[in-house]
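> pasting the sequence and the predicted model now:
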Amino acid sequence: MGKILEIHDLKVCFHTEDGTVHALNNVDLTLEDGITLGLVGETGAGKTTLAKSIMRLIPSPPGKIENGEIIYDGKNILELSDTDIMSIRGQEISMIFQDPMSSLNPVITVGDQIAEVIQVHNKDLDKKEVFNRACEMLEMVGISADRAFDYPHQFSGGMKQRVVIAMALACNPRILIADEPTTALDVTIQAQVLEMMRELKQKFNTATLLITHDLGVVAQMCEKVAIMYAGEIVESGTVHDIFNNTLHPYTEGLLGAIPKIHLHEKRLQPIEGLMPDPMDMPKGCIFCDRCKYATERCKNEHPQITNVGGEHTVRCFLRQDEKGGEE
Amino acid sequence: MALLEVRNLKKYFDTPAGPLQAVDDVSFSIEKGQTLGVVGESGCGKTTLGRTILRLHEPTSGEIIFNGENICDYNKKQMKAMRSKMQIIFQDPYSSLNPRMTVSQAIAAPLILQGLYKKNDKAGISKRVLELMDLVGLAQRFVNSYPHELDGGRRQRIGIARALAVNPEFIVCDEPVSALDVSIQAQILNLMQDLQEQLGLTYMFITHDLSVVKHLSNQIVVMYLGQVVERAEPEELFKNPTHPYTQALLSAIPIPSPDIKMDRVVLKGEISSPINMGAGCRFAKRCAYARPECMEPQTERQIAEGHYVTCCRAGVPTDN
């Protein structure tokens, strides 16, 4: 399994009139061929900002990538020229956006929208070939090719999401970033779309970054997981590390907060309090205000991400001391 | 005696293409102090059902019996008085609050509308508002804040305080936590459970999230295209789901544990149009077990203590 994308020490800020929003801080992440990495976190944790940084879609101004590198294929994406990034975007790294209802153009037929992606990246193909490829893509995601002439409003939510997936996969990318691909869908339709994504992953061996807040989806779809909180990755590892050997108090809190269908419990364990204001981050550990184990040290010092064995890393003084991990 | 009983409730909307049967022949009852969970996918009529019970939509036919009286016969004035006993918490705390009203104004509005306090009784109102804010866990410093200054969880607490303001007995909770993050969702669910114990409330909890419903309910109703397809107590329903739709719905929930791999029943196709549906089973088009009898009208039958299913295969020895 080869590493295909490596992110080192990424830091992204948004400079607004009210102050600087620290959206991402010291993020490290690695994607591998054929592996699905789940990126989990609450609203505002910076999951989408991370995805957009990889695609170089951070609007600037106000956004600015202050530090770090994103290495794809030996090249730092952040230093590529606009033309170079255009040839990677959509062709080698592509993205499924959250809301299928608003990410399609309402006045262009779905066939033409898929064809556009193929045409842009394969200038030598003639129109007919391109359109045939678009129809093949539709068939692949389970929509009959004669619907290529329909407009997005003629499709249901689940089918629109399939069209968006067909567009993302049209050029057979090596990396697929899926930003909450099923959040807007009903559970039975979600099951259909996830099933399809799983089959496609096996077929094409694509490296996938699956962004979601649903721990159920992560447990069923991903081999690896990274937990994000207020712009930092607080814990990462294999899906077994995260679910069966949970270390960070935030991850523990997330798992305690969801009602579990396979267990019986009287009361949920919510995480008290709210996420810190991204304009005014605490000096110490970003989670210390909500953490029931927090000590003086957590309030004053900022913990570094530390490996505690295998691929399991955690950003917490308490657990690092217990496990004796090294930075 | 049941606090609320719904008998053969129907709500049709007229459309150019024919009547849209949003709620079709739904019956159930809720005991005092209990929670009824209503689950189904978007478009199955669960919100319309909740609103019709409060007569926010006029029912097409059927009876809604609250405390022994059929409230469908009530006139406007009687219904207004009734609303202090029946309240609703809306789905989206972002759009269900007036952006130009402060927290205290929003909570005071139902108190004045229902005539519990005179408009000029400022001291009385503000005392009651603070009491309600305490009850739902909103810090008093937010009393003069506007909704946009608060996060989703706090906004939903305002929605709950508004519903509780008039001392209701029964509350329709229409997806009160689906717009919230999981850590906040747990806070609100716990709050609602505490309030139920403290105040003896009866809930009708509408949601698409089966794990939430299992956690909260004493009784679950599964809806598909305007009809109830199965109802039972949570333990029984999850142990012994009988309607093929319930089975598919249960198997579609991703379980948050990597060790339990799901045996999925992936449904083909999507929910069909609720206009001009035939007389037969509405799920038949997507059902793996559909057979000719399914095209006939279906009746509800009891297959175990308190477990009702509307499917002609139920209770008959199966071939799968």
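Looks like it came in fine.
> how close does A:Lys283 get to A:Cys171?
Note on A:Lys283: its distance to A:Cys171, by CB to CB, to the nearest Å, is 45 Å. Just so you know, the C-beta spots here come from the backbone N, C-alpha and C atoms, and that holds for glycine as well.
> ugh, wrong one, A:Pro106
For A:Pro106, the distance to A:Cys171 - CB to CB - is 23 Å.
> okay, the two: which has more neighbours?
The residue with more neighbours, out of A:Pro106 and A:Cys171, is A:Cys171; 18 against 9, by other CB atoms under 10 Å in any protein chain shown.
> which stretch of helix or strand covers the residue positioned nearest the centre of chain A?
The centre of chain A sits closest to A:Ile211, judged by CA atoms, centre = their mean, with a distance of 3.1 Å. Applying DSSP states H and E as the criterion places A:Ile211 in strand A:207-212.
> residues in contact with that strand: which ones?
Contact partners of strand A:207-212, identified using CB atoms under 8 Å, 6 or more residues apart in numbering or on different chains, comprise A:4-5, A:31-40, A:47-48, A:50-51, A:54, A:174-183, A:197, A:201, A:217-218, A:221-222.
> what's around A:Glu252, how many residues?
Residues within reach of A:Glu252, counting by other CB under 10 Å, total 17.
> cool, the one 10 residues further on as well?
Under the neighbour criterion other CB under 10 Å, A:His262 is assigned a count of 13.
> give me the phi and psi for residue 133.
Just going to use chain A. Per-residue torsions, A:Arg133: phi -60, psi -40 (degrees, to the nearest 10).
> chain B was what I was after
phi -60, psi -40.
> just the strands in the chain please.
Since you didn't name a chain, this refers to chain A. Using DSSP state E, the strands of chain A run over residues A:3-16, A:19-32, A:36-40, A:63-72, A:75-76, A:93-96, A:175-179, A:207-212, A:224-229, A:232-238, A:306-307, A:313-314.
> switch to chain B, that's the one I care about
So, for chain B - with DSSP E - the strands run B:2-15, B:18-31, B:35-39, B:61-66, B:69-70, B:86-89, B:170-174, B:202-207, B:219-224, B:227-232, B:301-304, B:307-309.
> I'd like these written out as a markdown table, with distance to A:Leu268 added.
Output for those, formatted as a markdown table (distance: least, CB to CB, whole Å):
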| stretch | distance to A:Leu268 |
| --- | --- |
| strand B:2-15 | 26 |
| strand B:18-31 | 23 |
| strand B:35-39 | 15 |
| strand B:61-66 | 31 |
| strand B:69-70 | 37 |
| strand B:86-89 | 18 |
| strand B:170-174 | 16 |
| strand B:202-207 | 15 |
| strand B:219-224 | 18 |
| strand B:227-232 | 23 |
| strand B:301-304 | 29 |
| strand B:307-309 | 27 |
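> any chance of those in a markdown table, plus mean pLDDT?
Conversion of those to a markdown table gives the following (pLDDT from 0 to 100):
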| stretch | mean pLDDT |
| --- | --- |
| strand B:2-15 | 93 |
| strand B:18-31 | 91 |
| strand B:35-39 | 95 |
| strand B:61-66 | 94 |
| strand B:69-70 | 92 |
| strand B:86-89 | 94 |
| strand B:170-174 | 95 |
| strand B:202-207 | 94 |
| strand B:219-224 | 94 |
| strand B:227-232 | 94 |
| strand B:301-304 | 90 |
| strand B:307-309 | 94 |
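> distance to A:Tyr151 and mean neighbour count for the ones you listed - can I get that in CSV?
Output for those, formatted as CSV (distance: least, CB to CB, whole Å; neighbours: other CB atoms under 10 Å in any protein chain shown):
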stretch, distance to A:Tyr151, mean neighbour count
strand B:2-15, 21, 17
strand B:18-31, 23, 19
strand B:35-39, 32, 26
strand B:61-66, 38, 18
strand B:69-70, 47, 12
strand B:86-89, 36, 24
strand B:170-174, 32, 24
strand B:202-207, 32, 24
strand B:219-224, 28, 24
strand B:227-232, 32, 25
strand B:301-304, 44, 14
strand B:307-309, 40, 21
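> distance check, B:Pro274 against chain A.
Distance, B:Pro274 to chain A, by CB to the nearest CB, to the nearest Å: 13 Å.
> if we can go back for a sec, specify the beta-bridge partners of the residue nearest to the centre of chain A.
Beta-bridge partners of A:Ile211, counted by DSSP bridges, are A:Leu39, A:Asp179.
> then A:Gly63?
In this entry, A:Gly63 is beta-bridged to A:Phe14, by DSSP bridges.
> burial of it, as a residue count?
Using other CB under 10 Å, A:Gly63 is surrounded by 19 other residues.
> with the one 10 residues further on instead?
Other residues within reach of A:Asp73 by the criterion other CB under 10 Å amount to 11.
> for B:Asn167, same thing?
Residues near B:Asn167, counting by other CB under 10 Å, number 12.
> do the same with B:Ile260
Using other CB under 10 Å, B:Ile260 has 12 neighbouring residues.
> per-residue pLDDT of it, please?
Note for B:Ile260: predicted pLDDT of 79.
> contacting residues for the residue nearest to it when sequence neighbours are not counted?
Distances taken as CB to CB, 6 or more residues apart in numbering or on different chains place A:His262 nearest to B:Ile260, at 6.2 Å, with adjacent residues excluded. By CB under 8 Å, 6+ apart, the residues touching A:His262 are B:Ile255, B:Ser257, B:Ile260.
> how near is the last one to B:Lys77?
So that's B:Ile260. Here B:Ile260 is placed at a distance of 55 Å from B:Lys77 (CB to CB).
> what does A:Arg267 give?
Distance, A:Arg267 to B:Lys77, by CB to CB: 42 Å.
> and those two? Which one has more around it.
Set A:Arg267 next to B:Lys77 and count neighbours by other CB under 10 Å: A:Arg267 wins out with 11 against 8.
> list the beta-bridge partners for A:Ala207.
Beta-bridge partners of A:Ala207, counted by DSSP bridges, are A:Ile175.
> I meant B:Phe205, not that one.
Listed beta-bridge partners, B:Phe205: B:Gly37, B:Cys173 (assigned using DSSP bridges).
> wait, isn't it in contact with B:Gln34?
No: with contact defined as CB atoms under 8 Å, B:Phe205 does not reach B:Gln34; the gap is 10.5 Å.
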